[in-house]
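S.K.: Please work out how this folds:
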Amino acid sequence: MSTNSFYRDHAKRLLDIVSSIILIIIFAPISLIIAIAIKLDSKGPVFADIPKRVGKDGKMFKMYKFRSMIENAHHLIRTDPRFRKLYEEYKNGSYKLKDDPRVTRVGKFIRKFSLDEIPQLINVLKGEMSLVGPRAYHLDELQEQQKKYPHTKNYVKDVLKVKPGITGLWQVSGRSEVNFDERIKLDAYYANNVNLWQDLKIILKTPWVMITGKGAV
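M.R.: Have a look, this model is predicted:
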């Protein structure tokens, strides 16, 4: 067994468990502050009510995120006629919106610095996600974007061979400024080249991306 294979199949999971426990403890105080701010700022739960994401081998899972939008935002954009135009813009923009009217005041702040992602440490601890990995995509996002970019189908297959991550290669390479076809290509490259050195480089780059808010929407 090669060093990379041992890391991918065994050591990476151990790193995820230890890291997620440590980070949950470190972020506990700020998580409490964020939760209180969300409740004071707008109506709705602390955690976002979002559609399940596609995980490893296509298995669907519930991702935990702090709510940064109005209540039922993800359901409304897909079903409410008032948001029909916004939904088309959302799909055409690689499932990202530059100026999203659904985002709350607190939401704008926590999204800019990726603080809404903190609860995903629970997903990592549960084994549904990894600290480092490809983006956790929405099912309709994968379906629609593969129609728009047919050449990405093989990339998607590669991406679904590994667990999605809280941070990853595309997140430290432009975040929301990267369109789907480039993003999935980066994710596929990561999935086919999982190794400790690459993970460490991504982890070290992540705090700077969070602090600067570069590419966030």
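S.K.: C-alpha only now, for contacts and for neighbours.
M.R.: Will do.
S.K.: Can I get the helix or strand where residue 201 lies in PDB, CA atoms only?
M.R.: Assigned by DSSP states H and E, residue 201 falls within helix 196-212. Extracted in PDB, the C-alpha atoms of helix 196-212 (Å, rounded to 0.1, in the frame of the first residue of the first chain):
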ATOM      1  CA  LEU A 196      -1.600  14.600   3.000                       C
ATOM      2  CA  TRP A 197       0.700  17.300   1.500                       C
ATOM      3  CA  GLN A 198      -2.200  18.700  -0.600                       C
ATOM      4  CA  ASP A 199      -4.600  18.600   2.300                       C
ATOM      5  CA  LEU A 200      -2.100  20.500   4.500                       C
ATOM      6  CA  LYS A 201      -1.600  23.200   1.900                       C
ATOM      7  CA  ILE A 202      -5.300  23.700   1.500                       C
ATOM      8  CA  ILE A 203      -5.800  23.800   5.300                       C
ATOM      9  CA  LEU A 204      -3.000  26.400   5.700                       C
ATOM     10  CA  LYS A 205      -4.500  28.600   2.900                       C
ATOM     11  CA  THR A 206      -8.100  28.500   4.300                       C
ATOM     12  CA  PRO A 207      -7.700  30.900   7.200                       C
ATOM     13  CA  TRP A 208      -6.500  33.700   4.800                       C
ATOM     14  CA  VAL A 209      -9.400  33.100   2.400                       C
ATOM     15  CA  MET A 210     -11.800  33.300   5.400                       C
ATOM     16  CA  ILE A 211     -10.200  36.500   6.800                       C
ATOM     17  CA  THR A 212     -10.100  38.300   3.400                       C
END
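S.K.: List the buried residues of that helix.
M.R.: Buried positions in helix 196-212, judged by neighbour count with 16 or more other C-alpha atoms under 10 Å: 196, 199, 202, 203, 205, 206, 209, 210.
S.K.: I'd like the residues you listed as TSV, with distance to residue 47 appended.
M.R.: Below are the buried residues of helix 196-212 laid out as TSV (distance: C-alpha to C-alpha, whole Å):
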residue	distance to residue 47
196	32
199	28
202	26
203	25
205	27
206	23
209	23
210	20
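S.K.: could I get the residues you listed as JSON lines with distance to residue 178 and pLDDT?
M.R.: What follows is the buried residues of helix 196-212, written out as JSON lines (distance: C-alpha to C-alpha, whole Å; pLDDT from 0 to 100):
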{"residue": "196", "distance to residue 178": "24", "pLDDT": "93"}
{"residue": "199", "distance to residue 178": "20", "pLDDT": "95"}
{"residue": "202", "distance to residue 178": "16", "pLDDT": "94"}
{"residue": "203", "distance to residue 178": "19", "pLDDT": "93"}
{"residue": "205", "distance to residue 178": "17", "pLDDT": "90"}
{"residue": "206", "distance to residue 178": "16", "pLDDT": "90"}
{"residue": "209", "distance to residue 178": "14", "pLDDT": "83"}
{"residue": "210", "distance to residue 178": "16", "pLDDT": "80"}
